[in-house]
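Novice: Structure, please.
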Amino acid sequence: MRKFRYICLTIATAAIFALTSCNGTPTAENSTAPTANSSPQATEAVNHSGHGNKKKININNAILSELDKFEAQLGVPALSHKIQASRPYISPEDLVSKKVITQEQFDQIKDQVTIQEVVLTGEPKDVDYMTKLGLMKGHLLVAKELLDQNQPKQAEPHIGHPVEEIYVDVEEQLNERKVKEFKTSLISLQDFVKSNPKNAKVKTDFASSMQSVDSAVTALPADQRSQPRFVLQVMNGLLDAANSEYGAAIADGKISAAIEYQDSRGFVNYANDLYKEIASKMAKEHPAEHKAIETSMTELTKVWPSAIPPDQPIKTPEDVTKLVKTIEQNSQKVIDSSSTQAQR
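Specialist: Sure, this is the predicted structure:
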């Protein structure tokens with residue numbers, strides 16, 4: 001089980017406005033991609049040299065699903081774990097001096113590495129908050145599938161991850177938004193699944209945990225949660241995480257890491273659920289973009305036919321990346337359009 005924090009999404013989706021060129025998960029504590037509206041709240045997290053820049057990853061606090069981007073890009077087995085094991089880093093070049101990767105490998109990713117941090121406010125903070133909760137929900141959705149299939153050992157990590165990786169990073173925002181604490185129920189659920197998965201309390205604790213996450217979501221205004229601009233940013237954050245997890249799940253043309261495969265399934269399924277909530281509005285206001293997004297989402301969900309990995313991958317990581325990019329590119333058009341209208 002991976003006991004690393006989901007800090008990556010602290011400002012992850014601050015850069016969702018510029019995801020058209022990204023392959024991996026949202027950035028840990030900073031980004032170099034510009035926002036569509038260049039709001040004062042978001043400018044700390046970005047530079048303004050163009051949408052083509054790749055977002056930078058903070059190697060001091062990024063989680064595995066984010067570092068998996070480097071692992072897939074460089075083809076170095078277990079690189080994500082090696083990067084985390086060698087923390088802290090005084091400079092990005094420490095990846096070489098600490099012999100995590102070679103100079104040649106570093107040269108391939110140096111423009112994507114940082115150790116800087118920023119703090120979010122305004123809309124980027126709200127998107128970040130909702131995205132973290134979405135990651136929790138994705139984990140729990142796939143955990144439920146596995147429990148329903150009598151696979152408690154496979155389900156347990158997906159119950160543990162929201163507690164161990166995400167809750168600590170969203171806790172401050174939960175307190176700020178006066179959301180009732182629900183870490184206790186998550187821990188209780190995890191304990192029962194570990195020790196006595198057939199206990200009736202598993203079902204009640206699971207329902208309580210899901211309800212708690214949903215209640216935390218409602219701390220955001222309902223009108224904000226129904227805006228395509230907002231939902232698309234959250235959705236793209238989840239898809240970027242799923243894209244990176246799926247890439248880490250595949251090795252030598254086979255699904256070698258079931259947990260990462262399942263993580264990505266949960267994130268994609270919840271992103272799809274979110275899109276369904278705005279689909280009618282998108283079809284009416286942005287028909288061309290809606291068609292492209294809906295078509296790509298339909299193809300994307302086919303990649304994960306069940307929570308139990310198939311013998312062979314349905315699509316390659318490159319195929320998944322193309323679908324995610326199509327969704328992000330069309331989302332960007334909607335976001336840009338919304339920003340233009342808001343400035344008038």
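Novice: use CA for all of it now, contacts and neighbours both
Specialist: Noted.
Novice: where does the stretch 51-200 of the chain have low pLDDT?
Specialist: For the stretch 51-200 of the chain, applying pLDDT under 70 flags the ranges 51-54, 64-65, 118.
Novice: ranges for the helices of it?
Specialist: With DSSP state H, counting those that start in this stretch as the criterion, the stretch 51-200 of the chain has helices at 64-74, 79-85, 94-97, 103-109, 122-148, 152-161, 168-176, 183-195, 200-217.
Novice: Now the longest one: buried residues?
Specialist: Applying a neighbour-count criterion of 16 or more other Cα atoms under 10 Å, the buried positions in helix 122-148 are 123-147.
Novice: returning to what we had before: out of the helices of the stretch 51-200 of the chain, nearest to Val303?
Specialist: helix 122-148 (14.5 Å; Cα to Cα).
Novice: what packs against that closest one?
Specialist: Secondary-structure packing of helix 122-148 (3 or more Cα pairs under 8 Å, 6 or more residues apart in numbering; DSSP states H and E): helix 40-43, helix 152-161, helix 168-176, helix 200-217, helix 228-249, helix 258-285.
Novice: which strands and helices sit next to the fifth one?
Specialist: Think helix 228-249. Judged by 3+ Cα pairs under 8 Å, 6+ apart, the packing partners of helix 228-249 are helix 64-74, helix 122-148, helix 258-285, helix 317-343.
Novice: buried ones in the last one?
Specialist: Neighbour counts using 16+ other Cα under 10 Å place 317, 320-321, 323-336, 338-339 of helix 317-343 among the buried residues.
Novice: How about the longest one?
Specialist: By neighbour count on 16+ other Cα under 10 Å, the buried set for helix 258-285 is 258-272, 274-275, 278-279, 282.
Novice: Give me the contacts around the next helix or strand after it.
Specialist: As assigned by DSSP states H and E, the chain's next helix or strand after helix 258-285 is helix 287-301. The contact list for helix 287-301 (Cα atoms under 8 Å, 6 or more residues apart in numbering) reads 265, 268-269, 272, 279, 282-283, 320, 323-324, 326-327, 330-331, 333-334.
Novice: closest to Thr114 among those?
Specialist: For those, the minimum distance to Thr114 (Cα to Cα) is 24.2 Å, reached by Val324.
Novice: Relative to Gln211, how far out is the closest one?
Specialist: Val324 is 29 Å from Gln211, where distance means Cα to Cα, to the nearest Å.
Novice: And for Val303?
Specialist: Distance, Val303 to Gln211, by Cα to Cα: 28 Å.
Novice: Looking at those two now, which is surrounded by more residues?
Specialist: Taking neighbours as other Cα atoms under 10 Å, Val303 and Gln211 compare with Val303 leading, 21 against 13.
Novice: Which residue comes closest to that one once chain neighbours are left out?
Specialist: Leaving out its chain neighbours, the residue that sits closest to Val303 by Cα to Cα, 6 or more residues apart in numbering is Ile314, at 5.2 Å.
Novice: Per-residue pLDDT of the one you found, please?
Specialist: On pLDDT, Ile314 comes in at 97.
Novice: what does the one 4 residues further on give?
Specialist: We note a pLDDT of 92 for Glu318 in this prediction.
Novice: same thing with Ala342?
Specialist: pLDDT, read off for Ala342, is 64.
Novice: How about Thr326?
Specialist: 95.
Novice: how about it, what does it touch?
Specialist: Thr326 neighbours (Cα under 8 Å, 6+ apart): 292-293, 296.
Novice: go on, Ser338?
Specialist: Applying Cα under 8 Å, 6+ apart to Ser338 gives the contacts Arg229.
Novice: do the same with Val213
Specialist: Contacts of Val213 by Cα under 8 Å, 6+ apart are 133, 136-137.
Novice: Nearest to Asp169, out of those residues: which one, please.
Specialist: Asp169 lies nearest to Leu133 out of these, by Cα to Cα, at 10.5 Å.
Novice: was I right about that closest one contacting Val217?
Specialist: Yes: at 7.0 Å, Leu133 and Val217 qualify as touching, with contact defined as Cα atoms under 8 Å.
Novice: What about the contacts of Thr326, which one has the most neighbours?
Specialist: Most neighbours among the contacts of Thr326, by other Cα under 10 Å: Ile293, with 24 neighbours.
Novice: Check it and give its pLDDT.
Specialist: Model confidence at Ile293, given as pLDDT, is 98.
Novice: State the distance from it to His286.
Specialist: On the measure of Cα to Cα, Ile293 and His286 end up 11 Å apart.
Novice: cool, and Leu300?
Specialist: For Leu300, the distance to His286 - Cα to Cα - is 21 Å.
Novice: same deal with Pro197?
Specialist: Plainly put, Pro197 is 46 Å away from His286 if you go by Cα to Cα.
Novice: Repeat that for Pro221.
Specialist: For Pro221 relative to His286 (Cα to Cα), the value is 23 Å.
Novice: Between those two, point out the one with more neighbours.
Specialist: His286 (18 against 9).
Novice: circling back: could you export the helices and strands packed on helix 228-249 to TSV, including columns for distance to Ser185?
Specialist: Shown next, in TSV, are the helices and strands packed on helix 228-249 (distance: least, Cα to Cα, whole Å):
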stretch	distance to Ser185
helix 64-74	25
helix 122-148	13
helix 258-285	20
helix 317-343	33
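Novice: which stretch among those helices comes nearest Leu232?
Specialist: Among the helices and strands packed on helix 228-249, helix 317-343 comes nearest to Leu232, with 6.1 Å by Cα to Cα.
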